[in-house]
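J.: Dropping a prediction and its sequence here:
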Amino acid sequence: MEYFQDGITEKLHTFEVKNYDDLEIMVKRYAHLFLEDPGPGALLLLYTCILSRGAQKIMTDMDGTRAMLLGPEDEGSLCVVTLMLTGRATPYLHNGVIYVGDEDHYAVPRFGILSRNEIGLLVHCDSLQEDIESNVPGSRLKTPSLPVWVIFLSGHFGVMYNTNRELLHNYHAERRWPDAQVFWNNATAKAS
């Protein structure tokens, strides 16, 4: 196995916890490592997600497609986003399972988002990319349990939320949408 030295990977310590109370103790004990500025917080979060799900399950989630967790883009792939939002690294954003095949090949299942998520994902891309055009988020990502959405817009990610938790439970609350807060990364702000 080869890797580039980054001053973090070669110093990792892994812990296995069996119950929620032990997890809470570990998070409190090591939270400072995730919060250092500048620090390895994002990389540690990615490692945590990968180790929690397991490398073999992540490979299965990605369905043997060309999808990658990490690539040349700075922002990360949709597989990383779905891993962090749903716990599964699927490249497909549709609801449930669809079967894709033709008369020459057996139908193959594509596992999308299997249940309604607490945090949503909205995707908009100016140019039709092959991995995006057939990957419009289903209602399980569009209408999360909480009024919080990760937004993927023209290659950049942002976060949009509303402090009114009833927003998705009462259609009258949608009229108060101006309360929403939007956080966007610097790359998007500089591009406009």
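T.: Structure's in. What do you need?
J.: Which residues are in contact with Met26?
T.: If a contact means Cβ atoms under 8 Å, 6 or more residues apart in numbering, then Met26 has 15, 17 as its contacts. Where you see a C-beta, it was placed from the backbone N, CA and C, and this is true even at glycine.
J.: How confident was the prediction at it?
T.: On the pLDDT scale, Met26 is placed at 88.
J.: what helix or strand does it sit in?
T.: Assignment of secondary structure by DSSP states H and E places Met26 within helix 20-35.
J.: Buried residues in that helix, which are they?
T.: Going by neighbour count (16 or more other Cβ atoms under 10 Å), nothing in helix 20-35 comes out as buried.
J.: tally of neighbours for Met59?
T.: 12 (other Cβ atoms under 10 Å).
J.: For Leu83, see how far away it is.
T.: Computed as Cβ to Cβ, to the nearest Å, the Met59 to Leu83 distance reads 12 Å.
J.: do Met68 as well
T.: 12 Å.
J.: Quick check on these two: which one has the bigger neighbour count.
T.: When neighbours are counted by other Cβ under 10 Å, Met68 and Leu83 differ, and Leu83 comes out ahead with 23 against 15.
J.: Name the SS class of Glu118, please.
T.: Secondary structure for Glu118, judged by DSSP: H, G, I helix; E, B strand; the rest coil, is coil.
J.: contacting residues around it?
T.: Per Cβ under 8 Å, 6+ apart, neighbours of Glu118: 144-146, 148.
J.: buried set for whatever helix or strand comes next after the helix holding Met26?
T.: Using DSSP H and E, the helix or strand that follows helix 20-35 in sequence is helix 41-53. Across helix 41-53, burial judged by 16+ other Cβ under 10 Å covers 44, 46, 49-50, 53.
J.: Leu78 is in contact with Val150, isn't it?
T.: No - counting by Cβ atoms under 8 Å, Val150 is not a contact partner of Leu78; they are 10.3 Å apart.
J.: and stretch 47-62, what's its mean pLDDT?
T.: Here the average pLDDT along stretch 47-62 is 87.
J.: ok so, going back, quick check: of the contacts of Glu118, which has the highest neighbour count?
T.: Pro144 (19 neighbours).
J.: I figured it hits Arg116, correct?
T.: Yes - using Cβ under 8 Å, Pro144 makes contact with Arg116 at a distance of 6.9 Å.
J.: Now the common contact residues for those two.
T.: In contact with both Pro144 and Arg116: no residue, using Cβ under 8 Å, 6+ apart.
J.: rewinding a little: how about the buried residues of helix 41-53 in a markdown table, adding distance to Thr9?
T.: Listed next are the buried residues of helix 41-53 as a markdown table, based on distance: Cβ to Cβ, whole Å:
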| residue | distance to Thr9 |
| --- | --- |
| Leu44 | 10 |
| Leu46 | 11 |
| Cys49 | 15 |
| Ile50 | 12 |
| Arg53 | 18 |
